[in-house]
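S.K.: please find the sequence and the predicted model below.
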Amino acid sequence: MISKVVKNSEEAIADIGDGSILMLGGFGLCGIPENCIQSLVEKGVKNLTCISNNAGVDDFGIGLMLQNRQVKKMISSYVGENKEFERQLLSGELEVELIPQGTLAERIRAGGAGIPAFFTPAGVGTEVAQGKQVEEFDGKKYLKEAWLRADFSIIKAWKGDKSGNLVFKGTARNFSPMMAAAGKICIAEVEELVETGELNPNEIHVPGIYVQMIFQGENYQKRIEQRTTAPPAPDGGADIQSDKDNPKLLRNSSYWQKADPFTYGLLKEYSIKMRNNPTNAEKIMWEGLCGKKLDGFKFRRQHIIGQYITDFVCLKVGLIIEIDGLIHQLPENQSSDLERTNWLEGQGFKVIRFSNHEVFTQYESVLEKILQEIEKHKENISGIKNTIKVAPPSGAGGAVFFELGIGLTKFGIAKRISQEIKNNSYANLGIGIPTLVANYIPKEINVMLQSENGLLGIGPFPKEENVDADLINAGKQTVTMQAGSALFDSAESFAMIRGEHVDLTILGAMEVSENGDIANWKIPGKMVKGMGGAMDLVASAKNIIVAMQHVSKDGKSKLLEKCTLPITGLRCVKKIVTELCVIEVLPDGKGFNLLELAPGITKEQVQAATEGKLRIDSELKEMKL
């Protein structure tokens, strides 16, 4: 039997010298060869060219080699949150070649398959195309891209045998199978090394012919960049019955920050905004709630409970007070308020509502009612722990969707876009606001969400006890898999995208032009995050919807005649949802067509906020949320 076993990472990397070209597997921190990277740092080899989707984080993964100034050049698709990578790129200290993620995967695959060049639509019309051959096939333009090969490919697998056969787990596969073939020498570190013949041949992902050295790694940290979890069960999983003597008060909001940091961050941002800009009725109520009459029963303003922001809450007795303005008379808000109240009261809270008019004209009576509720409920809380029953229902109305006359919140943008998802379809959700869309997909809509790091069928966030560092989405968030899911490598993932098998792509943007061009990956001299998979997606998706802010923080329009930032894709955007409206991009460069207005927004406001050519649709309507 052929044996390729070496003792450890130090022995495996012994022949790697200064100036070597390395491929390193992994997506973010998922599936990175931790042992070999640490040995490279300790060995101190320099002037390396590293080919990897990204460079880990500042203090882990390839980020350690960047800090140690061991890397001369990075060939990647995404800078991400690695501040040192971005700093060295912007300062010119580091040579960087940024490549669309699908192109990177295919160039690596081509290198291992002996294919010196191929054509792809990703990057046509962008700075990625500079100096490259462009050909037209069936009326569509394609770029000629060359293979990528390396002196050494360094990858990490879940299991391997002594002959070099490898098996991966979850989304830790990503770039590693292609890299194994594209390196002159492939070094594989595995979590479990077994005897030749113990692995089922039907389950092998990388045949041993591609692997020259293999060893069993040790002390894996398997760090997680975005640990996102579902709320834990109450009392460690014990079922708490609903009764008057045992209210299920959800008092501690800190778990939400851990469970879904992105959503919690948006809620926190909005709650601070509302706290700093109270209505007159809220000002009056706050003065009363802080008065001596209610001393000993502390109330909080704009407090986050689950996915809801409450006006006032006394956690000690589980009493929530909501002040309703005229906006709450709208039918959709009445339905939202009812759903919100039902869920909160299901958790043991008591919710009482007052109108602005009641606060202004019956102030003493309002305070008296609050005191009565405090007396009624304060005896029910003795000995009750801070527990959580369940998360709010998916798509719950507690998130504030819009401010009348001001526009949609980020949650509102996501909710409106969710209406665009068709039944029995495949969709790819980008990072940021697009990830929120999944929360609002109607239950009757069957959709499979695709993640470009190698997962089709993204499920909800896992419970804390089920978190798996080897199962993440493209935003590096921990996820689960829904029934019917499939796992694959990055080349396969982008074959789905490039081959137009994905029905819908939703992504963010910095700018969109009136002919459908999109810019979303860098601001020259200031910010470079990399294009990731965006260029591949916009070049091939059947339908592209953009979620974005209509104007920048300084009030400048982001819907332009022509994009001013580096282009991600040409004439690709079909529809745009902003805080102000829903707009479609007309074909043949005819400009924007205004289809829907956010509640309270006028067409004049949209016209003033849009630099590009804007047509008002003859059936313009107010959007329904």
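M.R.: Structure received.

S.K.: need the strands for the stretch 101-250 of the chain, in chain order.
M.R.: 117-120, 134-137, 140-146, 150-161, 166-167, 183-194, 213-216 (DSSP state E, counting those that start in this stretch).

S.K.: tabulate those (a markdown table), appending mean pLDDT.
M.R.: Below are these laid out as a markdown table (pLDDT from 0 to 100):
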| stretch | mean pLDDT |
| --- | --- |
| strand 117-120 | 98 |
| strand 134-137 | 97 |
| strand 140-146 | 97 |
| strand 150-161 | 98 |
| strand 166-167 | 98 |
| strand 183-194 | 98 |
| strand 213-216 | 98 |
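
S.K.: return the most buried member of those.
M.R.: strand 150-161 (a mean of 26; mean count of other C-beta atoms under 10 Å). To be clear about C-beta, it is placed using only N, CA and C from the backbone, and glycine gets the same treatment.

S.K.: restricting to C-alpha, output that strand in PDB.
M.R.: What follows is strand 150-161, C-alpha atoms only, in PDB (Å, rounded to 0.1, in the frame of the first residue of the first chain):
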ATOM      1  CA  ALA A 150       1.200  26.500  -7.000                       C
ATOM      2  CA  ASP A 151       4.400  25.000  -5.700                       C
ATOM      3  CA  PHE A 152       2.500  23.700  -2.600                       C
ATOM      4  CA  SER A 153      -1.200  23.400  -1.800                       C
ATOM      5  CA  ILE A 154      -2.000  23.100   1.900                       C
ATOM      6  CA  ILE A 155      -5.400  21.900   2.800                       C
ATOM      7  CA  LYS A 156      -7.400  20.500   5.700                       C
ATOM      8  CA  ALA A 157      -9.900  17.700   5.700                       C
ATOM      9  CA  TRP A 158     -12.100  16.000   8.200                       C
ATOM     10  CA  LYS A 159     -10.900  12.500   7.600                       C
ATOM     11  CA  GLY A 160      -8.100  10.900   5.500                       C
ATOM     12  CA  ASP A 161      -6.400   7.600   5.000                       C
END
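
S.K.: which strands or helices does it pack on?
M.R.: strand 21-24, helix 34-43, strand 166-167, helix 176-182, strand 183-194 (3 or more C-beta pairs under 8 Å, 6 or more residues apart in numbering; DSSP states H and E).

S.K.: of all these, which lies closest to E561?
M.R.: Each of the helices and strands packed on strand 150-161 has some distance to E561 by C-beta to C-beta; the shortest is helix 176-182, at 40.9 Å.

S.K.: which element follows the lowest-mean-pLDDT helix or strand in the chain toward the C-terminus?
M.R.: In the chain, no helix or strand scores lower on mean pLDDT, DSSP states H and E than helix 254-259, which sits at a mean of 55. Later in the chain than helix 254-259, the nearest helix or strand by DSSP states H and E is helix 261-276.

S.K.: packing partners for that following helix?
M.R.: helix 254-259, strand 300-305, strand 308-314, helix 433-436.

S.K.: and the ones you listed, which one averages the lowest pLDDT?
M.R.: Here these differ in mean pLDDT, and the lowest is helix 254-259 at a mean of 55.

S.K.: OK, contacts around M178?
M.R.: A105, I108, R109, G112, D489, S490, A491 (C-beta atoms under 8 Å, 6 or more residues apart in numbering).

S.K.: what pLDDT is listed against the residue lying closest to the fourth one once chain neighbours are set aside?
M.R.: Same thing as G112. Computed as C-beta to C-beta, 6 or more residues apart in numbering, the closest residue to G112 that is not its neighbour in sequence is A181, at 2.6 Å. pLDDT, A181: 98.

S.K.: one more: K273?
M.R.: 81.

S.K.: what's around it, how many residues?
M.R.: Applying other C-beta atoms under 10 Å, we find 13 residues neighbouring K273.

S.K.: from C50, how far out is it?
M.R.: Distance, K273 to C50, using C-beta to C-beta, to the nearest Å: 42 Å.

S.K.: go on, I445?
M.R.: Shown here: I445 relative to C50, a distance of 42 Å by C-beta to C-beta.

S.K.: isn't E97 up against L89?
M.R.: No. The pair E97 / L89 is not scored as a contact, 10.5 Å apart, by C-beta atoms under 8 Å.

S.K.: list the residues that contact both of the two?
M.R.: M74.

S.K.: let me know the distance separating the nearest residue to S77 once chain neighbours are set aside from D337.
M.R.: Of all residues not flanking S77 in the chain, Q101 sits nearest, at 3.9 Å (C-beta to C-beta, 6+ apart). Distance of Q101 to D337, given as C-beta to C-beta: 43 Å.

S.K.: between the helices and strands packed on helix 261-276, which gets nearest to F592?
M.R.: Of the helices and strands packed on helix 261-276, the one closest to F592 (C-beta to C-beta) turns out to be helix 433-436, at 19.5 Å.

S.K.: who's more crowded, E97 and L89?
M.R.: L89 (21 against 13).

S.K.: pretty sure the more buried one is in contact with V528, am I right?
M.R.: Yes. With contact defined as C-beta under 8 Å, L89 counts as touching V528 (5.8 Å).

S.K.: shared neighbours of those two, anything?
M.R.: V79.

S.K.: so what's the residue count around C290?
M.R.: 13.

S.K.: hang on, isn't it packed against R300?
M.R.: No. When contacts are counted by C-beta under 8 Å, C290 is not listed as touching R300 (10.9 Å).

S.K.: how close does S557 get to E579?
M.R.: With C-beta to C-beta as the criterion, S557 and E579 are 13 Å apart.

S.K.: again but with L104, I slipped
M.R.: 34 Å.

S.K.: and M178, by the same measure?
M.R.: 41 Å.

S.K.: where do the helices sit along the stretch 451-600 of the chain?
M.R.: Using DSSP state H, counting those that start in this stretch, the helices assigned to the stretch 451-600 of the chain run over residues 490-498, 534-540.

S.K.: and the shortest one, what does it pack onto?
M.R.: For helix 534-540, the contact count by 3+ C-beta pairs under 8 Å, 6+ apart identifies helix 101-113, helix 490-498, strand 504-508 as packing neighbours.

S.K.: quick one: the shortest one to helix 490-498, angle?
M.R.: For the pair strand 504-508 and helix 490-498, the angle between their directions (axes from the mean of the first three to the mean of the last three C-alpha atoms, to 10 degrees) equals 100 degrees.

S.K.: strand 504-508: how far from the chain's middle?
M.R.: A distance of 12 Å separates the centroid of the chain from that of strand 504-508, by C-alpha atoms, centre = their mean, to the nearest Å.

S.K.: what mean pLDDT does that strand have?
M.R.: Here the average pLDDT along strand 504-508 is 96.

S.K.: would you mark the buried spots in stretch 30-47?
M.R.: By 16 or more other C-beta atoms under 10 Å, the buried positions in stretch 30-47 come out as C30, G31, I32, P33, E34, N35, C36, I37, Q38, S39, L40, V45.

S.K.: now the residues you listed in CSV, with distance to D18 and pLDDT?
M.R.: Below are the buried residues of stretch 30-47 laid out as CSV (distance: C-beta to C-beta, whole Å; pLDDT from 0 to 100):
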residue, distance to D18, pLDDT
C30, 29, 96
G31, 27, 97
I32, 22, 97
P33, 20, 98
E34, 22, 97
N35, 21, 98
C36, 17, 98
I37, 17, 98
Q38, 18, 97
S39, 15, 98
L40, 11, 98
V45, 5, 98
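
S.K.: and which of those is nearest E345?
M.R.: C30 (40.4 Å).

S.K.: for the closest one, phi and psi?
M.R.: Per-residue torsions, C30: phi -80, psi 120 (degrees, to the nearest 10).

S.K.: how close does it sit to K553?
M.R.: Counting by C-beta to C-beta, the gap from C30 to K553 is 33 Å.

S.K.: same question for F349.
M.R.: Taking C-beta to C-beta, one finds F349 at 36 Å from K553.

S.K.: okay, now the closest residue to A519 other than its chain neighbours: neighbour count?
M.R.: In space, and not counting its chain neighbours, A519 is closest to L565: 3.9 Å by C-beta to C-beta, 6+ apart. For L565, the count of nearby residues is 17 (other C-beta under 10 Å).
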